[in-house]
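Chemist: sequence and computational prediction follow.
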Amino acid sequence: MTIKEAQQTIDEWINSTGVRYFNELTNMAMLTEEVGEVARIISRKYGEQSFKESDKKVDLADEMADVLFVLMCLANQTGVDLTEALKKNLDKKTKRDSQRHKGNEKLVERSPEPEVRNQKKKS
Ligand SMILES: [Mg+2]
């Protein structure tokens, strides 16, 4: 499924199963809520928080899909073509950051490859 197809599918779903879009402010609040659900899982799985018994059935992929769904709702109701927006955004980032990350020593310091870290210590 392309991004364009996903936006169309969500629009069809909203207008059949969902009746109509929640207004933009409601969807913005829901997007924040869904991002928080992703953060909760990430903090427990990759961060230092522990899972409660009630957290054990959570599904990161499903929560990420919730974020994408609400974001696409907002894009549809505000007239944003996410395919074009993402293309433009990646082009902007490529031009702006062509050397920025390669020159970031912090990224090398946290590299998981020991040989990269050792090379840095020698220099
Ligand atoms: Mg969710």
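Modeler: Everything's here; your move.
Chemist: from this structure, which residue is nearest to the ion?
Modeler: Nearest residue of the chain to the ion (C-beta to the ion) works out as residue 66 at 3.6 Å. Every C-beta, even on glycine, is put in place using the N, C-alpha and C of the backbone.
Chemist: relative to residue 30, how far out is that residue?
Modeler: Distance, residue 66 to residue 30, using C-beta to C-beta, to the nearest Å: 9 Å.
Chemist: the ion contacts on the chain?
Modeler: Residues of the chain lying close to the ion by C-beta under 5 Å from the ion are 34, 37, 63, 66.
Chemist: from these, which is closest to residue 50?
Modeler: Nearest to residue 50 among these: residue 37, at 17.0 Å, using C-beta to C-beta.
Chemist: residues in contact with the host helix or strand of residue 61: which ones?
Modeler: Per DSSP states H and E, residue 61 falls inside helix 60-78. By C-beta atoms under 8 Å, 6 or more residues apart in numbering, the residues outside helix 60-78 that reach it are 6-7, 10-11, 14, 21-22, 24, 27-28, 30-31, 34-35, 37-38, 41-42, 45, 80-82, 85.
Chemist: now stretch 81-98
Modeler: Outside stretch 81-98, the residues that reach it (C-beta under 8 Å, 6+ apart) are 2-4, 7, 71-72, 75.
Chemist: okay, now the unreliable bits of the chain?
Modeler: Where the chain drops to pLDDT under 70, the residues are 110-123.
Chemist: state which helix of this structure is the longest.
Modeler: Longest helix in the chain, counting residues (DSSP state H): helix 24-45.
Chemist: Provide a list of residues in contact with residue 42.
Modeler: Neighbouring residues of residue 42 by C-beta under 8 Å, 6+ apart: residue 60.
Chemist: centre of the chain to stretch 13-32, how far?
Modeler: Counting by C-alpha atoms, centre = their mean, to the nearest Å, stretch 13-32 is centred 19 Å from the centre of its parent chain.
Chemist: for it, buried residues please.
Modeler: 14, 21-22, 27, 30-31 (16 or more other C-beta atoms under 10 Å).
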